[in-house]
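In: generate a structure from the sequence data that follows.
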Amino acid sequence: MEYLPTGMNDFVAMYLGSPVPIYIMVAIAAYFLGCFNGAVIVSKYILRNDIRNHGSGNAGLTNFYRVFGGGLTFVVILCDVLKAVLAVLIGSGLFGLCLENAVLGKYWAGLFCLLGHMFPCMFGFKGGKGILSGGTIAIMIDWRVALVVWGGFLVLAALTRWVSLGSCWAGASFPFATWFVYHDTVLLALSILIGGLILWKHRANMGRMLKGEESKLSFHKKKEGV
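Out: Model prediction:
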C-alpha cells in the first residue's frame, strides 16, 4: 500500500486490517443501495400508485412497464442501474484497497445489492426480481460474463417475448460464465448464490412457462387495473 497518502497506511492497518469489517461494511452499503427500488419509488412516491398493487405484483421493470407504460420507465432503469454501479464500485474499491481482491468485492457487493433489491427492508421486504440490477452487476464484473448473460437473455426474450425465460437464462448461466472467466471456487460459490436468487424469484414464472400461461412482453401499455 505504498501508494497511499502519508498516514493512510496506518489507518488501514489499524482499522481495516482484518477482512471482517470490510465484508460487513460492503455488505451493509450494498444492501441498502439495493433497497432503493426504482419501480417502488417512482410508482409509490411520484405516481402515488404502488406498482405492487398491480399486474403481477412484482416491483420490477417489466411489471412497471406493463402497468404504467414508457413515460417514467427510464427513471426506474436509471435508479436500478445506478444503485448497482455504486454498490459494485464500493465493493471493488474497498476490497481492492484493503484486501487486494477487487473482483471478490464486486461479487460480494453484487450479492448484497440483489438481496436489497429483492428484499428491501424499507418496503416490507417485497421487492423486484433483480434482472436489471443483476445485469448491471454482470457488466461491472467482466464484459465476458456480461456477454454470456446478456447475449442469451436478449436472444431468448426477443424470440419468445418471454422476458422471464431470458431472465432464467441469466441466472442459470451466471455461475458457468464466472467459472469460465475466473476458475475460482469462492467466486463460483458467490455466483451460484446470485444466480440461484434470480432463479428462485422466477420460480412462479417457470411454472407458468411450462403451462404456456406466461405473459409475453408487449410494447403497448395496459390500461386496465391502473
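
In: quick one: the helices in the chain?
Out: For the chain, helices defined by DSSP state H occupy the ranges 8-15, 19-34, 38-41, 61-68, 73-94, 102-118, 131-141, 143-160, 163-182, 185-201, 203-211.

In: closest one to L47 among the ones you listed?
Out: Closest of those to L47 is helix 61-68, at 6.7 Å (criterion: CB to CB). Where you see a C-beta, it was placed from the backbone N, CA and C, and this is true even at glycine.

In: sorry, back to before: turn the helices of the chain into TSV, including mean neighbour count and distance to L217.
Out: Converted to TSV, the helices of the chain look like this (neighbours: other CB atoms under 10 Å; distance: least, CB to CB, whole Å):
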stretch	mean neighbour count	distance to L217
helix 8-15	11	48
helix 19-34	18	24
helix 38-41	26	16
helix 61-68	22	7
helix 73-94	20	13
helix 102-118	25	20
helix 131-141	25	12
helix 143-160	17	7
helix 163-182	22	5
helix 185-201	18	18
helix 203-211	13	12
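
In: tabulate those helices (TSV), appending mean pLDDT and distance to R48.
Out: Output for those, formatted as TSV (pLDDT from 0 to 100; distance: least, CB to CB, whole Å):
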stretch	mean pLDDT	distance to R48
helix 8-15	49	44
helix 19-34	95	24
helix 38-41	88	12
helix 61-68	82	12
helix 73-94	94	15
helix 102-118	97	22
helix 131-141	95	23
helix 143-160	95	31
helix 163-182	96	26
helix 185-201	97	26
helix 203-211	91	28
